[in-house]
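K.L.:
just to be clear, the model below is a prediction. Sequence and coordinates:
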Amino acid sequence: MEITWFYIAVFLAISDEIHSRIMWGVFADFYILLAGVIKESVASNIRLWIVHESMEAFFHFVVLSLVFLSLEIGLLAALIHMLVDIYHEISGIELNPLGHRCFHFVIESIFFIVIFAAGVPVPT
C-alpha cells in the first residue's frame, strides 16, 4: 500500500482547486451560461446540481486517470469526491474553505486506505 493513498488524496485536492479556479476564474461567464442552459433542460434545481456534480466528477476522473495512468483510480477518486460533496451538501454542514478541504481530504484518504488495504496480501 505504501503511501499511494496519500498521493491520490493530494492530487484530488489539487484537481479540485484547479477545477474551481478554472471554472469560477477563467470561464465564470461561460459556466454561468452553461448552468442556465442545463437548468432549462432539466427543469429542477436538484437535477441541475446533480449534473454539476457529475461534470465535476468527470473532470476529476480525467485528471486523476492521467496523473496515475489508471482508469480505476480516476473512477474511484471521482466517485468518492462526488459522494463527499453530496453528503456535505445534504447534511448542511457549514465549513470554511480550509475546513471543507480538510473534510474532503480526511474522508478521501480513509477511503483509499481501505481500498488499498483490502488488496494487500496478509502474511500467513
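P.N.:
Perfect, thanks for sending it. Numbering: from 1, shown residues only.
K.L.:
residue closest to the middle of this protein?
P.N.:
Nearest to the geometric centre of the chain sits His81, at 3.1 Å (Cα atoms, centre = their mean).
K.L.:
for the nearest residue to that one once chain neighbours are set aside, which residues are in contact?
P.N.:
Among residues not flanking His81 along the chain, His60 sits closest, at 5.3 Å (Cβ to Cβ, 6 or more residues apart in numbering). (C-beta placed from N, C-alpha, C; glycine too.) Contacts for His60 (Cβ atoms under 8 Å, 6 or more residues apart in numbering) come out as Leu12, Ser15, Asp16, His19, Gly74, Ala77, Ala78, His81.
K.L.:
buried ones in the helix or strand where His60 lies?
P.N.:
For His60, the host element (DSSP states H and E) is helix 45-68. For helix 45-68, the neighbour count (16 or more other Cβ atoms under 10 Å) marks 48-49, 51-53, 56-57, 59-61, 63-65, 67-68 as buried.
K.L.:
of all those, which comes closest to Glu40?
P.N.:
Leu48 (9.5 Å; Cβ to Cβ).
K.L.:
what's the burial count for the residue nearest to the closest one when sequence neighbours are not counted?
P.N.:
Nearest non-adjacent residue to Leu48, counting by Cβ to Cβ, 6+ apart: Lys39, 4.9 Å away. Lys39 has 14 neighbouring residues, counting by other Cβ atoms under 10 Å.
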